[in-house]
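> Okay, here's the prediction I keep looking at, along with the sequence it came from:
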Amino acid sequence: MRVPAVIYADASLLRDMDQKVYEQITNVASLPGIVEAAYAMPDAHWGYGFPIGGVAAFDPDQGGVVSAGGVGFDISCGVRTLHTGLQLADVRPYKQQLADALYKAIPAGVGSKGRIHLNHDLMHGMLTGGAQWALEQGWGEDSDLERMEEGGRMVGAVASYVSPKARERQKDEMGTLGSGNHYLEVQRVAEVYDQHVANVFGLRVDDVVISIHCGSRGLGHQIGTEFLRDMAIAASQYRIDLPDRELACAPLTSPLGKQYLGAMRAAINCALANRQIITHLTRDAVKTVFPGVHLGLLYDVSHNTCKLEQHAINGQKKALFVHRKGATRAFGPGHPDLPAVFRQVGQPMLIGGSMGTSSYVLCGTQESEKRAFNSACHGAGRAMSRHQATKQWQGSALVDDLADRGIIIRSPSLRGVAEEAPGAYKDVSVVVDVADRAGLARKVAQLEPLICIKG
DNA sequence: ATGTAC
């Protein structure tokens, strides 16, 4: 190991944590050019190479690397939350109607396709323009952009590094949710922990919000697949001794490293555009039930990225490439990259729970910088495999149980629902409490699900 | 996460 490995957890999370997390975070700590420490967030679980819930920063001047497995297959998977201006009492009588409208409007499930088809020029615009491009196409409002990381457009995206196959897989998938843990949820604010910050974020108890969790679909997956292969082949050429083949990586200064960064940034734009188009579809769908309602964006976060950021190392600012795989950026108050509306209080962080359980809104703190390069958890984190979950739960029974609790589930796949059983996840409340107590982030509000459109 | 295998 070149640096220590640090796991943020309490006794209960540590006891249940997959032993693979210890092994994987230790392996990450041995990669070339890693700085300070390799970190595992409280929701960490076994992933490909890096644990999901892993954070690691690399210095390009010390032989630092970029790893496709350190970002994950679903590049720039993330969450955005929209205000509705509605209260629980407004929505309650129309829940079925709203669920129907949303399920009809937003394609969900494995291989889901949308009504948008990208030709070569549109694909290029999307890969380089992100949510800004989506706005230019008419899918959104100007005011949306400042409420996204990178202002809705990741600079440094290089469309020519995105393969024809990756483009082919994506051309009919814009504005679709996908499968797995992706969802669109109508939620109510159940509790506020920090009144001042909640006011700035526009959240009051019983306000209804809509959260969208999805990523870069087939495109990100294809880019991840191709570069993992190429990085594994190139590792010996770069004389990198890998403790695990899945940690395939390339020096940040190498041609392959730069190609991956260019393609990954294009995938970040794809995810931003995708969530933007789904936002537009959501606005239209909600209007069919609540004609006068306007959905304003609270914020959009990515939790699978590698970003170039300035961080203090031994009192000196350094430009580092921070991998966050299943980890949410947590910029604190005063950070220059935050829009004016959040600069006093810190970045909103949207933490999706498991199906049928709470989600949380957190915010970045000054302390976050000293803990894990301004990072915290991204969700509940799996506690068992998908296969194990399907053996233990039936999708139809879960849908019925949740309906009894007033939560409407709409999904094209009952097996998908079983894989996402709440019991297959850690307790998200424990995860965010640990994040709060460890100083990774601060709790702002708790959200409870009313309707879940599940991929 | 994923055209759940190429």
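Sure thing, it's come through. Numbering: from 1, shown residues only, chains lettered A, B, ... in the order given.

> and the residue in the stretch 351-455 of chain A positioned nearest to DNA strand B, how far is that from A:Glu185?
Closest residue of the stretch 351-455 of chain A to DNA strand B, C-beta to the nearest atom of the strand: A:Gly455 (5.8 Å). (Each C-beta comes from the backbone N, C-alpha and C, glycine too.) As judged by C-beta to C-beta, to the nearest Å, A:Gly455 and A:Glu185 stand 12 Å apart.

> pLDDT wise, what is A:Ser236 at?
On the pLDDT scale, A:Ser236 is placed at 85.

> for it, helix, strand, or coil?
State at A:Ser236, reduced to three classes by DSSP: H, G, I helix; E, B strand; the rest coil: coil.

> Equivalent analysis for A:Ile409, please.
Secondary structure assignment for A:Ile409 (three-state DSSP): strand.

> count of neighbours near it?
When counting by other C-beta atoms under 10 Å, one arrives at 24 neighbours for A:Ile409.

> Look up the closest residue to A:Gly151, ignoring the ones flanking it.
Nearest non-adjacent residue to A:Gly151, counting by C-beta to C-beta, 6 or more residues apart in numbering: A:Leu145, 5.4 Å away.

> one step back: what's near enough to touch the residue of the stretch 351-455 of chain A closest to DNA strand B?
A:Gly455 makes contacts with A:108-110, A:112, A:177-183, A:214, A:411-413, A:416, as judged by C-beta atoms under 8 Å, 6 or more residues apart in numbering.

> Also within reach of DNA strand B: list those from those residues.
On the criterion C-beta under 7 Å from any atom of the strand, A:Val110, A:Gly178, A:Ser179, A:Gly180, A:Asn181, A:His182, A:Cys214, A:Ser413, A:Gly416 are the entries of the contacts of A:Gly455 that sit beside DNA strand B.

> interface residues of chain A facing DNA strand B?
Proximity of chain A to DNA strand B is confined to A:73-74, A:77, A:110-111, A:165, A:169, A:173, A:178-182, A:214-215, A:217-218, A:221-222, A:386, A:413, A:416, A:455 under the rule C-beta under 7 Å from any atom of the strand.

> Please indicate which of those are buried?
A:73-74, A:77, A:169, A:173, A:178-182, A:214-215, A:217-218, A:221-222, A:386, A:413, A:416, A:455 (16 or more other C-beta atoms under 10 Å).

> just checking, which of these belong to strands?
Taking DSSP state E, the ones among these that sit in strands are A:Cys214.

> when you check the buried ones among the residues of chain A next to DNA strand B against the helices, which ones overlap?
In helices, defined here by DSSP state H, the members of these are A:Arg169, A:Arg217, A:Gly218, A:His221, A:Gln222, A:Arg386, A:Gly416.

> Dump those to a markdown table, plus pLDDT and distance to A:Tyr260.
What follows is these, written out as a markdown table (pLDDT from 0 to 100; distance: C-beta to C-beta, whole Å):
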| residue | pLDDT | distance to A:Tyr260 |
| --- | --- | --- |
| A:Arg169 | 98 | 18 |
| A:Arg217 | 98 | 18 |
| A:Gly218 | 98 | 18 |
| A:His221 | 98 | 14 |
| A:Gln222 | 98 | 13 |
| A:Arg386 | 95 | 27 |
| A:Gly416 | 97 | 30 |
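
> all helices for the stretch 351-455 of chain A, in order.
Remark: helices assigned in the stretch 351-455 of chain A by DSSP state H, counting those that start in this stretch are A:368-372, A:386-392, A:395-404, A:414-419, A:428-437.

> need the contact list for A:Gln392.
A:Met384, A:Ala421, A:Gly423, A:Ala424.

> Please name the residues that touch the third one.
The one in question is A:Gly423. A:Ala383, A:Ala389, A:Gln392, A:Trp393.

> how many neighbours does the first one have?
Residues lying near A:Ala383 (other C-beta under 10 Å) number 19.

> Nearest spatial neighbour of it, chain-adjacent residues omitted?
Distances taken as C-beta to C-beta, 6+ apart put A:Lys426 closest to A:Ala383, at 4.9 Å, once the chain neighbours are dropped.

> which residues in the stretch 1-150 of chain A form strands?
Secondary structure of the stretch 1-150 of chain A (DSSP state E, counting those that start in this stretch): strands at A:5-7, A:38-45, A:52-58, A:65-67, A:78-87.

> Save those strands as JSON lines, and put in mean neighbour count and mean pLDDT too.
Conversion of those to JSON lines gives the following (neighbours: other C-beta atoms under 10 Å; pLDDT from 0 to 100):
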{"stretch": "strand A:5-7", "mean neighbour count": "19", "mean pLDDT": "98"}
{"stretch": "strand A:38-45", "mean neighbour count": "30", "mean pLDDT": "98"}
{"stretch": "strand A:52-58", "mean neighbour count": "29", "mean pLDDT": "98"}
{"stretch": "strand A:65-67", "mean neighbour count": "27", "mean pLDDT": "98"}
{"stretch": "strand A:78-87", "mean neighbour count": "22", "mean pLDDT": "98"}
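
> For the ones you listed, give me a markdown table that also has distance to A:Met154.
Converted to a markdown table, the strands of the stretch 1-150 of chain A look like this (distance: least, C-beta to C-beta, whole Å):
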| stretch | distance to A:Met154 |
| --- | --- |
| strand A:5-7 | 28 |
| strand A:38-45 | 23 |
| strand A:52-58 | 18 |
| strand A:65-67 | 15 |
| strand A:78-87 | 12 |
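
> For A:Gln316, find the nearest of the ones you listed.
strand A:52-58 (13.8 Å; C-beta to C-beta).

> which helices and strands sit right next to the closest one?
In terms of contacts (3 or more C-beta pairs under 8 Å, 6 or more residues apart in numbering; DSSP states H and E), strand A:52-58 is packed against helix A:19-28, strand A:38-45, strand A:316-325.

> Pick the most buried one from these.
The highest average neighbour count among the helices and strands packed on strand A:52-58, using mean count of other C-beta atoms under 10 Å, belongs to strand A:38-45 at a mean of 30.

> For it, what is the distance to the chain centroid?
Taking C-alpha atoms, centre = their mean, to the nearest Å, one finds the center of strand A:38-45 at 15 Å from the center of the full chain.

> Please identify the pairing partners of it and their relative orientation?
Strand pairing for strand A:38-45, determined by DSSP bridges: strand A:5-7 (parallel), strand A:52-58 (antiparallel).

> Can you lay out the ones you listed as CSV showing distance to A:Arg329?
As requested, the strands paired with strand A:38-45 are exported to CSV (distance: least, C-beta to C-beta, whole Å):
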stretch, distance to A:Arg329
strand A:5-7, 18
strand A:52-58, 10
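
> Among these, single out whichever gets nearest to A:Val341.
Taking C-beta to C-beta, strand A:52-58 is the member of those nearest to A:Val341, at 26.1 Å.

> Now a ChimeraX select for only the buried ones of the contacts of A:Gln392.
Here is the ChimeraX selection string for the buried members of those, based on 16+ other C-beta under 10 Å:
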select /A:384,421,424
